[in-house]
Structure formats: structure tokens, C-alpha cells
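[1] what's the 3D shape of this:
(one chain, ligands or ions: 1)
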Amino acid sequence: MTANPLTANPLKLRRIDHVEFYVGNARQSAYYYRQAFGFSQFAYAGLETGLRTHTSYALRQGRVNFVLTTPLTADHPASEHIRRHGDGVYDIAFEVDDADQAFEIAVSRGARPAIEPHTLIDERGAVRRAAIHTYGDTIHSFISRRGYDGVFLPGFAEASAPGRNAGILRIDHIVGNVEVGRMNEWADFYSRVLGFSRYITFDDKDISTEYSALMSVVMSDESHAIMFPINEPAAGRRKSQIQEYLEAYDGPGAQHIALATDDAIATIGRLSEQGVEFLRVPDEYYDALPARVGEIEEPLEVIRDLGILVDRDDDGYLLQIFTRPVEDRPTLFFEIIQRKGCRGFGKGNFRALFESIEAEQARRGNL
Ligand code: FE2
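    The predicted model follows:
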């Protein structure tokens, strides 16, 4: 990777605070993320808490916070977001030292303002929030909580609806799909505005099958705690899976969220039992696996049964699996990943994985 000469962490990002999804029916989505993915609801904002415009459910598993928001009126901005994109990611929010400063510095480095700094307040204290635009209609909020001691954010009441915990610990990476020819522009945005560096680049020779191709660059903060790969479609004999996404989502947006576990077999076993649908690769993948990745600690039969993919680099290996899209539009999906030293993204799995994605694309009439 190349070090970014711009100062490290200029916006004083601490972590991904939460990911907010705009969805058509947050009550039902919350049930799905609880029962299938194992999140627990811990906070709620809506009519009962005095909010007239929208309803939000805050869910947590490990250090991962999801907010599911549904508009209550046609003129709420979420209504237009859902009309255009279907359910999807609206906000990848950061916790920062100082939201005002993060916003000011981001804008001075060329970010497009989305929400001016303002105070959210309730009886538990105050929080400052601002936001900038990133790809498509997606935003990055900056949140500083200084002394706020409520359950989540002002306006949210405590709510307790436990899910069936599956051992998800944190967000490993969030991938954005952008238009053809614009990957480098967005990589530059993350470098210039957030001080991220190019961690890994994949070109269309790494990521192509007989039919379709894509290019990808992984942008990362210095500690590799926040990793944002950016994909763009590349020319192939058939339609790129990225192009299918761009058409279904009607523009750029978050393609997948990778959720880290330290026990892939337990997590993936539990999620499968609870109804999460994963992509399968052909059985021959497992015949070739021992020769490709060498010795691993997990029993091969279990890896094969669960459909887990394995890849290795110089530092170790990783276990990963991908869900089918979680909406009817072929847009957002999830990855479950366990890193055992490996810092890569599963390059050795791209071909098998993308052939299985293309088989699904063909069934949808989109290849
Ligand atoms: Fe990924």
C-alpha cells in the first residue's frame, strides 16, 4: 500500500458508529435482522416517542449498530430514496471527536455538504451531528456524543427485543458500487477528504470470469479498522454484476457489508439455521481446496457442508461466505468473514464466487 501524504485521520474518525438503512417497512425489517441475522433491538424512535415524520429501530450485535428507518409521510426524503433505490444503505455514520470540526475540514477538502452541523437534544444530553455526501445518494454522518448518556441518540427511547445472537462482532468492510470509469474518482475522494490510502487494488484481470468483469480498489484508514472497497463495472462479454446492481439500485450505492466473526463455523451455521440464504459454489471448489490453501484448522467436511469459502495470503487465511441479496431488487447483500491472519479480501475465491453470482444473475434474466 502507499502511504497517504495528507495527514493521517484528518477528520478524527473513531469508528463506524452505525449504518442507517432506509427501508419500506422498518418493523418487518427489524424482525428479519433479529430473527435471521441475530441482532437485538435496543432503541426505538417513532410516533410513541413523539416523532411524527419517521420511525427508526436501532439494532446491535457485537459492536455493529444498524438503524432501520421508514418514512411516515410521502414527502419525507426517505420516501424518495426508497422509490428510487428500494431498501438500501442511506448513511454510513462515523463517531468523531468533534462533528463540527470533522464537517468543516471535510468540506474544506472538497466534500459536498449534506447536513449542516446541528444539535440533537433530549433529557439525557446533547449530540452534535453533520453529514457529507459520498457516492450516489449515500451520506457519511459525523456524530460527537460528548457526555450524552442516553441509550443511543437523542430522540430514541430504550427498547428491548432480543434477537438470536450469531456471534457477529464488528464491521470488517463496506463496499460501494460506482459508475463505470468513476472508481478512481471515488478512491481519490476517500484519500483527499478522509485521509485514507489505497490498500489493495484489483483490476479486471483479477476479477473476471468468462462473461463479466469488475475493478476494485480498497480504501482504508491507517489502522485498517475502516475499510471501504470501491467497485466499478468493467467490460466483459456479458453484463457485469456491478452493472446489474447499478441498474437495480438506479445508481451507485453500498453493495455489501462484511461482518466479522471469530468463529465462522458457529456463526454461519447459526445464520443458515435461522434462514439467511447464502450463495453456494460448485462442489469441485472443495475438491481443489486443500491443494490451493493448504492446511487449515477447520474440518473440510464442515466447510463444505456450510458452503464456506477459504483463501490464503502470506499472513494467514480467511473464511468467508456471501448472502444472496436481502431485498427483491438484486442490490445489497452481506458477507460473513473470519480473518485468521489474512488481510486480503478472498481474491482466490473471486472466480468461483462470481460464477455463482452470474448463475443467479442469469436466473434473474440479467446476464
Ligand atoms: Fe467483501
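[2] And residue 172, how far from the ion?
    7 Å (Cβ to the ion, to the nearest Å). Every residue, glycine included, has its C-beta placed from N, CA and C.
[3] quick one: that residue and residue 258 touch, right?
    Yes - counting by Cβ atoms under 8 Å, residue 172 does reach residue 258; the two are 4.1 Å apart.
[4] Any idea how far stretch 42-50 is from the middle of the chain?
    Averaging C-alpha positions (Cα atoms, centre = their mean, to the nearest Å) puts stretch 42-50 25 Å from its chain's average.
[5] what's in contact with stretch 72-87?
    Residues outside stretch 72-87 that contact it (Cβ atoms under 8 Å, 6 or more residues apart in numbering): 21-24, 29, 46-47, 52-55, 69-71, 88, 90, 137, 248-251, 253, 326-329, 331-332.
[6] can you rerun that using 7 Å?
    Stretch 72-87 has contacts (Cβ atoms under 7 Å, 6 or more residues apart in numbering) with 21-24, 52-55, 69-71, 90, 137, 249-250, 253, 327, 329, 331.
[7] Buried residues, it. List them.
    76, 78-79, 81-82, 85-87 (16 or more other Cβ atoms under 10 Å).
[8] what about it, average pLDDT?
    Stretch 72-87 comes out with an average pLDDT of 98.
[9] next one: stretch 202-220
    78.
[10] same question, stretch 162-170
    For stretch 162-170, mean pLDDT is 97.
[11] With distance to residue 342 and secondary structure added, can I get the buried residues of stretch 72-87 in CSV?
    Formatted as CSV, the buried residues of stretch 72-87 follow (distance: Cβ to Cβ, whole Å; DSSP: H, G, I helix; E, B strand; the rest coil):
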residue, distance to residue 342, secondary structure
76, 43, coil
78, 38, helix
79, 42, helix
81, 36, helix
82, 37, helix
85, 33, helix
86, 33, coil
87, 32, coil
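[12] Those residues: which two are farthest apart?
    Greatest spatial distance among the buried residues of stretch 72-87 (Cβ to Cβ): 76 and 86, at 16.0 Å.
[13] ok so, going back, shared neighbours, residue 172 and residue 258?
    By Cβ under 7 Å, 6+ apart, the residues touching both residue 172 and residue 258 are residue 337.
[14] Just list the residues touching the nearest residue to residue 49 once chain neighbours are set aside, thanks.
    Distance criterion Cβ to Cβ, 6 or more residues apart in numbering; nearest residue to residue 49, sequence neighbours excluded, is residue 157 at 4.8 Å. The contact partners of residue 157, by Cβ under 7 Å, 6+ apart, come to 43-45, 49.
[15] if we can go back for a sec, turn the buried residues of stretch 72-87 into CSV, columns for distance to residue 274.
    Formatted as CSV, the buried residues of stretch 72-87 follow (distance: Cβ to Cβ, whole Å):
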residue, distance to residue 274
76, 31
78, 27
79, 31
81, 28
82, 26
85, 26
86, 23
87, 19
